[in-house]
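In: fold the following for me, if possible:
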Amino acid sequence: MSGGDTLSSATAADASAICAQIASVFSAPSAHPPARSVLVSELAAAASRGGRVFVHGVGREGLMMRALCMRLAHLGLPAHCVGDITAPPALSGDLLVASAGPGTFSTVDAICGVARGAGARVLLLTARPEGDFPGRQADVIAHLPAQTMADDEDGGAAAAAAQGSSQAKLPMGSLYEGAMFVLFEMVVLELARVLGQSPAQLRARHTNLE
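Out: Have a look, this model is predicted:
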């Protein structure tokens, strides 16, 4: 086997291991309803009442939230990223979808508090649904039971054991963020069916200023 073939084989094996690790997140036991159904239900409800959707997250979680916001706009929802200069004020009837994988971030806590104070509904996506912050600031919790950076302080050994692997394939809690991408793609597919949006309608809303 040539060096290139060996590298390709190793790359395919690593990719398969990573995908399997992400897939295992969605079969992990949880005392909460599936995150997919929670997100679809809340987003569909916001659409039916004419509310706007705001999304927020920090770091790599924030990048995944921005990707979700883009697809929500393609679905025809009035969606905004918190912090963008064109984001309007959150009001009663609106929905904030925030992410705090490790269970809490001080900035996410503050933004959720402002949203709730304005009358908006707050959905918190997290790997750690227990604790003061989720119970205090979230109207509804979407539990995504994946490794975060808070679980990675021992080099990922505990998280790898929990996922049934001898080695953590994704560094620094990236499993949570990878699972976010997959979760959001499933949510968008289901929302498109719920809202009666065709692939052509989604494509028609994609920007042409690229």
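
In: helix, strand or coil: sort out residue 70 for me.
Out: helix (DSSP: H, G, I helix; E, B strand; the rest coil).

In: count the residues that sit near it.
Out: 18 (other Cβ atoms under 10 Å). The C-beta positions use only the backbone N, C-alpha and C, and glycine is treated the same way.

In: and it, how far from residue 53?
Out: Look at residue 70 and residue 53: by Cβ to Cβ, to the nearest Å, they are 12 Å apart.

In: try residue 183
Out: Counting by Cβ to Cβ, the gap from residue 183 to residue 53 is 16 Å.

In: and the lowest mean pLDDT element among the helices and strands of the chain?
Out: helix 157-162 (a mean of 45; mean pLDDT, DSSP states H and E).

In: need the nearest residue in space to the residue nearest the centre of the chain, chain neighbours excluded.
Out: Nearest to the geometric centre of the chain sits residue 180, at 3.8 Å (Cα atoms, centre = their mean). Counting by Cβ to Cβ, 6 or more residues apart in numbering, the nearest residue to residue 180 once its immediate chain neighbours are dropped is residue 64, at 4.1 Å.

In: ok, now which ones touch the nearest residue to residue 173 once chain neighbours are set aside?
Out: Distances taken as Cβ to Cβ, 6+ apart place residue 149 nearest to residue 173, at 3.4 Å, with adjacent residues excluded. Contacts for residue 149 (Cβ atoms under 8 Å, 6 or more residues apart in numbering) come out as 101, 102, 172, 173.

In: most surrounded residue in those?
Out: residue 101 (30 neighbours).

In: you'd agree it is in a helix?
Out: No: membership of residue 101 in a helix is not supported by three-state DSSP, which gives coil.

In: for it, report the pLDDT, please.
Out: Residue 101 carries a pLDDT value of 94.

In: got it, and residue 11?
Out: 87.

In: roughly how far does it sit from residue 20?
Out: Distance from residue 11 to residue 20, by Cβ to Cβ: 15 Å.

In: same check on residue 29?
Out: Residue 29 is 17 Å from residue 20, where distance means Cβ to Cβ.

In: which residues are contacting stretch 140-147?
Out: Contacts for stretch 140-147 (Cβ under 8 Å, 6+ apart): 22, 25, 28-32, 35, 38-39, 42, 101, 121-127, 129, 134, 156, 159, 162-163, 168, 170, 173, 175-176, 178-180, 183.
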